[in-house]
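Enquirer: Can you look at this prediction? I've put the sequence above it.
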Amino acid sequence: MSERRSIVVTYRQGFRYWLYGLIVLVSLVSVMTGILWERHKGSQILAEKNDLADEVSALQDLVKFKTTELDMIRVNSDVDTAALENARQEMMGLQAQIYQDQEQLQLYRELLEDTDPPGGLSVSRFQLTLVDSKNIAYRWVARQKTVKMQATTILVDIRVMGSQGNKPVSLSLSELDTEVKVMPLTIKFKYFSINQGVLSLPDGFNPDTVQISLGYSWSDKLTYKQTFDWKVEE
């Protein structure tokens, strides 16, 4: 029969303190490690914040620069646009003046080539041009041919005839052109007079014809009368 032997472990009082010390040391190391990590992490966060602050500052400067540059471009664009608009207006004015000069030249040529006897007053041209749905530009030329050509004051009456609400209506030029205050008009010319304006048609008014009457200022009657069909050019 085999013999059993007991194992005896000798207990020492200092081992417990050593164990406690080891635990405390491990705890201190953990705490210090945590503190160092937090400091390192805090340093990283602070560095990142500083980097972001630098980037924000740089972006602000860039935005400010681009804004200033954009404002300069806008100013230059406005200047260029204004210059182009002025140039366009000048060109339109020159074109209109050239057109009028050419028209006057043609009228003078017609007078020189006219072999008919003096016939007094007449309307040599009448034109309507569409501006928009309610506004029509008009242009007409009064002409004078007498034995003794001289500048003469002429009275002019213009009426637009049509219908409104199935009823015949006759409207004076002063009712359709805001620039014309009273009728008859008074114009003075020697050979011819080019006249123009814009008609503003009232709602529901359907024009059919335009009647132009001319007369000398010393006469009680308008001696010349001509009717034109309402034909609008676009």
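Expert: Arrived safely.
Enquirer: okay, now the domains of this protein?
Expert: Here the domain assignment for the chain is 10-113, 118-233, based on automatic domain parsing.
Enquirer: Can you tell me which of those has the worst average pLDDT?
Expert: Lowest mean pLDDT within the domains of the chain: domain 10-113, a mean of 64.
Enquirer: can you map out the strands along the chain?
Expert: 120-130, 135-145, 152-164, 167-172, 185-189, 192-200, 205-216, 224-229, 232-233 (DSSP state E).
Enquirer: Switch those over to CSV; also include mean neighbour count and distance to residue 101.
Expert: Quick note: C-beta positions are derived from backbone N, CA and C, even for glycine. Shown next, in CSV, are these (neighbours: other CB atoms under 10 Å; distance: least, CB to CB, whole Å):
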stretch, mean neighbour count, distance to residue 101
strand 120-130, 16, 16
strand 135-145, 19, 14
strand 152-164, 18, 23
strand 167-172, 13, 31
strand 185-189, 14, 16
strand 192-200, 16, 11
strand 205-216, 18, 24
strand 224-229, 14, 25
strand 232-233, 11, 21
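Enquirer: got those as JSON lines, with distance to residue 179 columns?
Expert: Converted to JSON lines, the strands of the chain look like this (distance: least, CB to CB, whole Å):
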{"stretch": "strand 120-130", "distance to residue 179": "16"}
{"stretch": "strand 135-145", "distance to residue 179": "11"}
{"stretch": "strand 152-164", "distance to residue 179": "13"}
{"stretch": "strand 167-172", "distance to residue 179": "13"}
{"stretch": "strand 185-189", "distance to residue 179": "11"}
{"stretch": "strand 192-200", "distance to residue 179": "6"}
{"stretch": "strand 205-216", "distance to residue 179": "17"}
{"stretch": "strand 224-229", "distance to residue 179": "20"}
{"stretch": "strand 232-233", "distance to residue 179": "19"}
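Enquirer: Quick one, which of those gets closest to residue 27.
Expert: Ranking those by their distance to residue 27 (criterion: CB to CB) puts strand 135-145 first, at 95.7 Å.
Enquirer: Strand partners (parallel or antiparallel) of the closest one?
Expert: Strand pairing for strand 135-145, using DSSP bridges, gives strand 120-130 (antiparallel), strand 192-200 (antiparallel).
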